[in-house]
Structures are given as C-alpha cells and as structure tokens.
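J.: Return atomic coordinates for the entry below.
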Amino acid sequence: MGILSGNPQSEPLHYGEVYALWSYMAGSKAMKAAYQTFLNHIGDKDLRNLIEESIQTCQNEEKRVEDILKENGIGLPPTPPERPLADLESIPPGARFMDNEISYAASANLAAGLVMCSGAMGNCIREDIAMLFGEFHMTKAQQAARYLRLNKEKGWLIPPPLHMQKPMEE
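T.: Model prediction:
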C-alpha cells in the first residue's frame, strides 16, 4: 500500500479529511460563541449546566483538531470573539431566548454534528482521523440524550402527532 501503510499519523491527509477537520472546527467555534451568548439568556439551572458542558466540549474538541491542522500545515478557521456575560434581568423579555428555545437549538446542532461526524468517518482513509470523528460522534450522542431527557423532564418537548391507530385486521 506504500504511503498508506504503517503509522496513520505519518500518512498524508486527503482533501476530504482536511475539509472535514477544518469545517468541523469552524462550526464548533461558531457553536461555542452561540452557547456563550445563550448563557446570558438561561434561567434554568439544569440547562445552564448542559450548555456549559457543551462549551467545554467545543473547547476540548477544537484543541484536538487544531493540533492536527497545525501538524499538517493547514491554516485555522477564524475564531469569533469571546462573548461577555450579561445579566439576564437586563435583557428585555421580548428580546430573550426562552430556555426551551435554547435547548431546542442545542439539540438541533447536536443532530447536525452527528450527521457531520458520520459523514467524515465514512470519508476518512486515515484510521486516526476516523476514530477522532467517532469519539466526537459518541460525545454528541451522549449529550443529545441528556438534552432529550431535560426537554422531557421540563415539559419542553412537544411531540409530533402520535400515530395511535393500528390498521384494521381483515
């Protein structure tokens, strides 16, 4: 196999892997900025804890991807500025994000991240990069389960119409 045998870290990244890493990091930075902004709007303590955990996850994953990009001489995506903390009471009620809206947004972003990680894993030829996206996928799935549980416990989950009627037997 030539250059694709032996230590995966010594194998070159292909363009799809570079794009997946770079775009993942860009998306993570954007989500971290959004989560920092959401912190100013959250009233629920449990949601605050989940959002803070999501910010920490973004930071940890960004560092891992950044190291790989730097090792391979790839420029990094731009970093949005850190968001300042604000007093919840200083935000007018009509201008606030509601806790359920924040939880929905985080859940939707996790779902999109799961799809992104799955696609990246399927396109990788370097095992270490595929495994990295596999780890990110698992973390997102676990976080998504916690958001789902929170949405149910808080009564924020609005289920679609449930199909309760079974077809008639003939």
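J.: Let me see the contact set for residue 128.
T.: Listed by CB atoms under 8 Å, 6 or more residues apart in numbering, the contact set of residue 128 reads 8, 9. Every residue, glycine included, has its C-beta placed from N, CA and C.
J.: if I look at it, how far off is residue 58?
T.: Noted for residue 128: a distance of 21 Å to residue 58, by CB to CB, to the nearest Å.
J.: Then residue 42?
T.: As for residue 42, its distance to residue 58 is 16 Å (criterion: CB to CB).
J.: I'd like to know how many residues surround residue 112.
T.: One way to gauge burial is a neighbour count; for residue 112, by other CB atoms under 10 Å, it gives 13.
J.: now residue 82
T.: The criterion is other CB under 10 Å. On that basis, residue 82 has 9 neighbouring residues.
J.: which one is it nearest to, not counting chain neighbours?
T.: Taking CB to CB, 6 or more residues apart in numbering, and ignoring the residues beside it in sequence, residue 82 has residue 36 as its nearest neighbour in space, at 6.7 Å.
J.: what does residue 17 give?
T.: Among residues not flanking residue 17 along the chain, residue 129 sits closest, at 5.2 Å (CB to CB, 6+ apart).
J.: Determine the number of other residues adjacent to residue 14.
T.: Look at residue 14: counted by other CB under 10 Å, it has 15 neighbours.
J.: related to what we said a few turns ago, which SS class is the residue nearest to residue 17?
T.: The three-state label given to residue 129 by DSSP: H, G, I helix; E, B strand; the rest coil is helix.
J.: What of residue 166?
T.: Relying on three-state DSSP, one would call residue 166 coil.
J.: Enumerate every residue touching residue 147.
T.: Neighbouring residues of residue 147 by CB under 8 Å, 6+ apart: 50, 103, 106, 107, 110.
J.: Who are the packing partners of the helix or strand containing residue 38?
T.: Here residue 38 is covered by helix 15-39, with elements defined by DSSP states H and E. Packing contacts for helix 15-39, counted by 3 or more CB pairs under 8 Å, 6 or more residues apart in numbering; DSSP states H and E, involve helix 45-71, helix 99-123, helix 127-153.
J.: Now do the second one and helix 45-71, the angle between them.
T.: Going back to what we said before, that points to helix 99-123. 30 degrees (axes from the mean of the first three to the mean of the last three CA atoms, to 10 degrees).
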